[in-house]
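>>> sequence and predicted structure are below.
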Amino acid sequence: MLPFANIALIGLGLIGSSIAHAVRDAMPTARITGFDSDPDVRARVLELGFCDDVSDTAGAAVIDADLVMLCVPVGAMTDIASEIATDLPDDAIISDVGSSKESVLTALTRALPKARIIPAHPVAGTEHSGPDAGFATLFHDRWCIMTPPQSAAEGDIARVRAFWEKLGANVEIMDAKHHDLVLAVTSHLPHLIAYTIVGTASDLEDVTRGEVIKYSAGGFRDFTRIAASDPTMWRDVFLSNKDAVLEMLQRFSEDLSALQRAIRWDKGDELFDLFTKTRAIRRRIIEEGQDDAAPDFGRTHE
Ligand code: NAP
């Protein structure tokens, strides 16, 4: 049996469109109604055809839904929740895919105090955005972290879990605050570092921008992929997960200062020990199937 029969997707960018493609593959009889605030996106989604219906308002999209999935930037969650408040059916489950969880839960609970809210975060993505960027296998063998509030009904949690498992994800349940701390170090801090390095390189005076691009294969290139991620999404992530990001940034700055000292005082052993430890972490990520071991990150060089 399908966990949901009428799915409303609000926000039809990378994640919304990937969910739609994945639902089409895994639950072909489920009906998908979409809405996006951008009329050009709505028109494009009609052309691409991955929704059964595209509504002109968020309220119209949710009116018959048994699952409403908010796939908008984290900073837009409050507005969209208020927009659907009068049309959201009492028995619908409302979920989201936001990259930070505590602030989203607070926003949704405030705007929709009686709603059945089961937040989740699929830990899967690319640096691309928009409705053309989505694909059905995005969630295969990726983690989806659900952060249901204490008051959530077990049956509701089970249905959202079944939904994500059907899309190919492995599901883990976590407290929202803990999720935000974990993701601050595994995702938010790396993005901040990538944005900083690429920003610093583009501001250098003694090295031209042309040289930075020409010789980027030395490591810089991989940071540019992360730093190409959507500016709206990432602005919202940092502002909504401020405490955890600042805490991790403090730890990172201290560790960076220690490295600076090790280089200044020729402490090669300290550098070697740290690099050996970090290499082992990379090995574990590959062993656990979270990345592949192809040389040069799987790039082809024909
Ligand atoms: P995206 O490709 O930029 O798509 C977001 C879409 O939502 C855009 O079309 C945007 O329109 C639309 N939108 C913005 N405000 C809206 C509103 N109030 N009502 C309806 N539509 C609205 O972004 P995404 O990568 O799919 O990210 C969506 C969510 O998934 C975010 O909360 C993000 O944190 C989370 N997430 C992202 C990733 C990732 O790697 N990208 C991974 C996991 C989770 P405009 O372009 O006109 O603003």
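Received the coordinates, thanks. What you see is a predicted model, and the numbers here were worked out from it, not measured in a lab.
>>> for the protein, longest helix please?
helix 242-264 (DSSP state H).
>>> packing partners of it?
helix 176-183, helix 189-203, helix 268-287 (3 or more C-beta pairs under 8 Å, 6 or more residues apart in numbering; DSSP states H and E). All C-beta spots, glycine's among them, are computed from the backbone N, C-alpha and C.
>>> please identify the most buried of the ones you listed.
By mean neighbour count, with neighbours taken as mean count of other C-beta atoms under 10 Å, helix 176-183 ranks first of the helices and strands packed on helix 242-264 at a mean of 20.
>>> neighbouring contacts of that helix?
99-102, 105, 119, 121, 123, 145, 147, 149, 174, 241, 243-244, 247-248 (C-beta atoms under 8 Å, 6 or more residues apart in numbering).
>>> show the pLDDT at residue 208.
With respect to pLDDT, residue 208 scores 82.
>>> repeat that for residue 295.
The per-residue pLDDT of residue 295 was computed as 70.
>>> please report how far whatever residue of the stretch 101-250 of the chain ends up closest to the ligand lies from residue 107.
Using C-beta to the nearest ligand atom, the closest approach of the stretch 101-250 of the chain to the ligand is made by residue 125 at 1.8 Å. Separation of residue 125 from residue 107 (C-beta to C-beta, to the nearest Å) stands at 21 Å.
>>> about what we covered before: give me the residues contacting the longest helix of the chain.
Residues contacting helix 242-264 (C-beta under 8 Å, 6+ apart): 180-181, 183-185, 188-189, 192-193, 238, 267, 270-271, 274.
>>> in stretch 155-172, what's buried?
Residues of stretch 155-172 classed as buried by neighbour count (16 or more other C-beta atoms under 10 Å): 156, 157, 159, 160, 161, 163, 164, 166, 167, 168, 169, 171.
>>> so which of these sit within strands?
Cross-referencing the buried residues of stretch 155-172 against strands under DSSP state E gives residue 171.
>>> now the buried residues of stretch 155-172 as TSV including pLDDT and distance to residue 262?
Shown next, in TSV, are the buried residues of stretch 155-172 (pLDDT from 0 to 100; distance: C-beta to C-beta, whole Å):
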residue	pLDDT	distance to residue 262
156	98	51
157	98	47
159	98	52
160	98	47
161	98	45
163	98	48
164	98	43
166	98	49
167	98	45
168	98	43
169	98	40
171	98	41
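>>> farthest-separated two in the buried residues of stretch 155-172?
Farthest-apart pair in the buried residues of stretch 155-172 is 156 and 168; separation 21.2 Å (C-beta to C-beta).
>>> now do the strands in the stretch 51-200 of the chain.
Remark: strands assigned in the stretch 51-200 of the chain by DSSP state E, counting those that start in this stretch are 53-54, 67-70, 93-96, 116-117, 120-122, 143-146, 170-173.
>>> kindly report the residues of this protein close to the ligand.
Within the chain, the residues that sit near the ligand (C-beta under 6 Å from any ligand atom) are 10-16, 36-38, 41, 71-74, 76, 79-80, 97-99, 121-122, 125, 129-130, 230, 233, 237.
>>> how near is residue 212 to residue 221?
Relative to residue 221, residue 212 is positioned 10 Å away (C-beta to C-beta).
>>> swap in residue 50?
32 Å.
>>> out of the two, which sits in the busier spot?
residue 50 (24 against 14; other C-beta atoms under 10 Å).
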